[in-house]
Each structure stands twice: as C-alpha cells, then as structure tokens.
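[1] need coordinates for the following:
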Amino acid sequence: MATFDSFFNKVLFSGKYRIVRHLLFQLPIFMMSLNAFGAADGRIFDFSRQNVPQWLIMYAYLLTCWYVNIYILTPRFFFKDKILKFTISTILLSLPFGVLKVLSEVFVNYAVHNSLIISSINVASSFLSMVLLSVAPTSLLLFRRTALQNLRNRELQAATAQTELKMLKQQINPHFLFNMINNVNVLVRREPAQASALLYRLEDLIRYQFADSRRERVNLLTDIQFLRDFLDLEQVRRTGFTYKIDTDGITDGVEVPPLLFIPFVENAVKHNSDGENGSWVNISFCLADGLLTFVCQNSKPAVAPVPTKASGIGLKNISRRLELLYNNRHTLSITDENGIFTVRLTIELKIES
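    Numbering: from 1, shown residues only. Just a heads-up that it's a prediction; the model follows:
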C-alpha cells in the first residue's frame, strides 16, 4: 500500500509524470468522442469512413473544453470563488455541443424514432454529459490541490515537530540551566533583587518553550520578548556580551509561527563567543506594507570555533520550515563579511486588523 501511495503521489504531483497525467485525461475524452460514430439506424456504432471527420471534430472540441477548463476557467474563476462566472462559462463552453445535438435530433434521429420525448431526452442527457465532462477537470484539479495541501501540511507538522524537539534539546539544555542556576546562586548573596528578576525571566523563557511554542501561531511581540529573555540570560552568563533589539511598525495584530527566529539568534550567540574581546548581537524587526523584515547580525571571534558535524543543521531545518510555511512568499539571505555574520529574512504576512 505504501508503494502504491508513493507512486500515486508521484503521478499526481511530480512534473516528470505530466505526460502520464495528460494521457490518462485522454481516456474519458476518447470514450465520449465515440458518440460521433453513433448510428441513426438503431445500431450502437457506425465506424464507417464518412463518420471519421465528425469524430475528429468532436474529439478536438472535447479536448478544447477540457483544457480550457483546466488552464482558464478553473484557475481564474473557480479557485478565486467566482462561481457564477465559472458556471456561466462552463455552460457557454458546452453550448455548441448542445446546439449540434438539437440539430442532429431534429434533422436526423427524429425521423428514425419519431418521438419528441425521446429526442428531448437524448438532447438533455447528451448536453448534461457534456457539462459534466467540462466540470470533470475542475474536480480533478480540486482533488489534486487538496491532496497537495494535505501533503504540505503533513510535511509542515513533521518539520515543526523536529524544530521544536531540536530547540528543547539544544537551547534549554541541562548545561545552560546549570549555568543559570549558578549565576543566580551568586547573585542571591550579592544582589537579591537582580537574582529574583533573573529567575522570573528564566521561568518565562521555559514556559514559552514548553507551552506557548506548541501553538500554531503566536503574537510576534511575544516572540520578540522571548528573544529578549533569552539574550538577557546570556548576558548574565557571559561577560562582555551585549545585544540590541529594534522594532519598527510591529503591532499586536502580527502573528507568526512560534520559534521561527530563535534558531538564527541561538546560532548568532553560539558562534560569537570571544573570551578576550567583546561580543554582540544586533536584531531588528521591521514591518511595512505587509512585509516583515528580520535582520540578525553578530560579531565573530578572533579565532573561529572548530565546526562540528551538527553545524548548519539548524539553519537547514529552519530553511525547510520557511519553505513549507511561506512557499514563495519569503526570502532568506546569509552573509559573512568583514567580521560580521548577517541573516536577513523577509516574509509576506497577512496582518490581522
């Protein structure tokens, strides 16, 4: 069953199987075009040579209706909720066939069965069959669109779960928590008020990781506050470390998937530690005309850390997640110039009023 599902998905979605899909389309079109060989003398089909031209005309007409629906009517009207225009266009597209069927019944078939009721039924059934054939591509495209969206949602859920698991393991790990606890222990004797504030920040950060991050979307301001808490704790943990977060145009109506920016910030913090010189991370969020721009810059140490096998995995995961979330509505660039590592991410957002 799994093998069949995999093959079915390839035929349905892959560009390599486009010819196969179109060949499958030909089957119902070819079957219906055989009506052109219908005999007026009571026989089922008359495959005589004189009927071939009208069969070719019928086949070409059916192909035209099929592909006009696929490439024009469905994407321009049906998928944009212009149902009335789609219905009228489909009927008009089928109208020539109905007219030809009426003429055929009046001047040819009526002389055989000599019944107005039978002729009317033949015209109505033939015209209805033509309408159904014209609508069939819409059903196929709708099924393909729904199946593709379901497949994308499954991949998104898997990528999101993988990202969340990675955040829980790497960002709020025991080593990090032990360092925080040690710092708080020192501050309790020296500066109790600061130690208390630090504990509250640590509590908020852990709560966000385990609770709020499980939601499908979160308020961007909440996500930015999470970044501040994370960097505040890092500032306490390391001497000579500074950070800055600027926001421009961010309102309460902006929502984003949780943990969308923390991989970039975590990566910036992880790779800018410098025991001899100061280190910094600068972050900015700018929202204008529905376009959110996120920039994360960090200094680089004088001696670059030795890369590990896990280096770059987080950025690959977040790149894939962005692709699943926003498809062609985002751009991501990463540069490393003049001792500064820069990540720039732009996303087209739907702003809630």
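[2] low pLDDT regions in the stretch 51-200 of the chain?
    Applying pLDDT under 70 to the stretch 51-200 of the chain flags residues 51, 97-134, 161-180, 183, 186.
[3] try it again at 80.
    Where the stretch 51-200 of the chain drops to pLDDT under 80, the residues are 51-55, 57-58, 91, 93-137, 139-140, 144, 147-200.
[4] for it, just list every one of the helices.
    52-68, 74-76, 83-104, 110-113, 116-170, 174-190, 192-210 (DSSP state H, counting those that start in this stretch).
[5] which residues sit against the second one?
    Helix 74-76 is contacted from outside by 82, 86, 137, 138, 141, 142, using Cβ atoms under 8 Å, 6 or more residues apart in numbering. For glycine as for every other residue, the C-beta is placed from the backbone atoms N, C-alpha and C.
[6] burial count for the fifth one?
    This means residue 141. Residue 141 has 17 neighbouring residues, counting by other Cβ atoms under 10 Å.
[7] skipping adjacent residues, who's closest to it in space?
    residue 74 (5.2 Å; Cβ to Cβ, 6 or more residues apart in numbering).
[8] what about the one you found, neighbour count?
    Neighbours of residue 74 (other Cβ under 10 Å): 22.
[9] where's it relative to residue 66, distance?
    Separation of residue 74 from residue 66 (Cβ to Cβ, to the nearest Å): 11 Å.
[10] for residue 203, same thing?
    Going from residue 203 to residue 66 by Cβ to Cβ gives 62 Å.
[11] looking at those two, which has the bigger crowd around it?
    Ranked by neighbour count (other Cβ under 10 Å), residue 203 and residue 66 place residue 66 first, with 21 against 11.
[12] the more buried one against residue 135, yeah?
    No: between residue 66 and residue 135 there is no contact under Cβ atoms under 8 Å: 10.4 Å.
[13] mind giving me the packing neighbours of the helix or strand where residue 344 lies?
    Assessed by DSSP states H and E, residue 344 sits inside strand 340-348. Other helices and strands packing on strand 340-348, by 3 or more Cβ pairs under 8 Å, 6 or more residues apart in numbering; DSSP states H and E, are helix 262-270, strand 291-299, helix 313-326, strand 330-337.
[14] for these, give me a markdown table that also has distance to residue 344.
    Output for the helices and strands packed on strand 340-348, formatted as a markdown table (distance: least, Cβ to Cβ, whole Å):
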| stretch | distance to residue 344 |
| --- | --- |
| helix 262-270 | 10 |
| strand 291-299 | 5 |
| helix 313-326 | 13 |
| strand 330-337 | 5 |
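[15] which SS class is residue 250?
    Assigned by DSSP: H, G, I helix; E, B strand; the rest coil, the conformation of residue 250 is coil.
[16] from residue 277, how far off is it?
    Where residue 277 is concerned, residue 250 sits at a distance of 32 Å (Cβ to Cβ).
[17] those two - which one has more neighbours?
    residue 250 (16 against 9).
[18] surely the more buried one meets residue 285?
    Yes: the criterion here is Cβ under 8 Å, and residue 250 meets it with residue 285 at 5.5 Å.
[19] okay, and the common contacts of the two?
    220, 224.
[20] just list whatever residues bridge to residue 288.
    The partner list for residue 288 in beta bridges (DSSP bridges) reads residue 291.
[21] burial of residue 191, as a residue count?
    12.
[22] apologies, that question was intended for residue 215.
    By other Cβ under 10 Å, 11 other residues sit near residue 215.
[23] now do the contacts for it.
    residue 258.
[24] check residue 219 too.
    By Cβ under 8 Å, 6+ apart, the contact set of residue 219 is 252, 254, 255.
[25] now do it against residue 257, distance only.
    Distance of residue 219 to residue 257, given as Cβ to Cβ: 12 Å.
[26] kindly report the same for residue 206.
    From residue 206 to residue 257 the distance is 20 Å (Cβ to Cβ).
[27] for the two, indicate the residue with more neighbours.
    Per other Cβ under 10 Å, whichever of residue 206 and residue 257 has more neighbours is residue 257, with 20 against 14.
[28] look up how far residue 272 lies from the more buried one.
    26 Å.
[29] ok, now residue 281?
    To residue 272, residue 281 is 7 Å away according to Cβ to Cβ.
[30] which neighbours do those two have in common?
    298, 299.
[31] state the distance from residue 243 to residue 254.
    Residue 243 sits 21 Å away from residue 254, going by Cβ to Cβ.
[32] then residue 55?
    For residue 55, the distance to residue 254 - Cβ to Cβ - is 60 Å.
[33] and the two? Which one has more around it.
    A direct count of neighbours by other Cβ under 10 Å for residue 55 and residue 254 places residue 254 higher, at 20 against 15.
[34] need phi/psi at that one.
    As for residue 254, its main-chain torsions (degrees, to the nearest 10) stand at phi -90, psi 120.
[35] any idea of the pLDDT on the closest residue to residue 218 other than its chain neighbours?
    Nearest non-adjacent residue to residue 218, counting by Cβ to Cβ, 6+ apart: residue 258, 4.6 Å away. Looking at residue 258, its pLDDT stands at 83.
[36] wait, residue 258 touches residue 211, no?
    No: with contacts counted by Cβ under 8 Å, residue 258 stays clear of residue 211, the gap being 10.1 Å.
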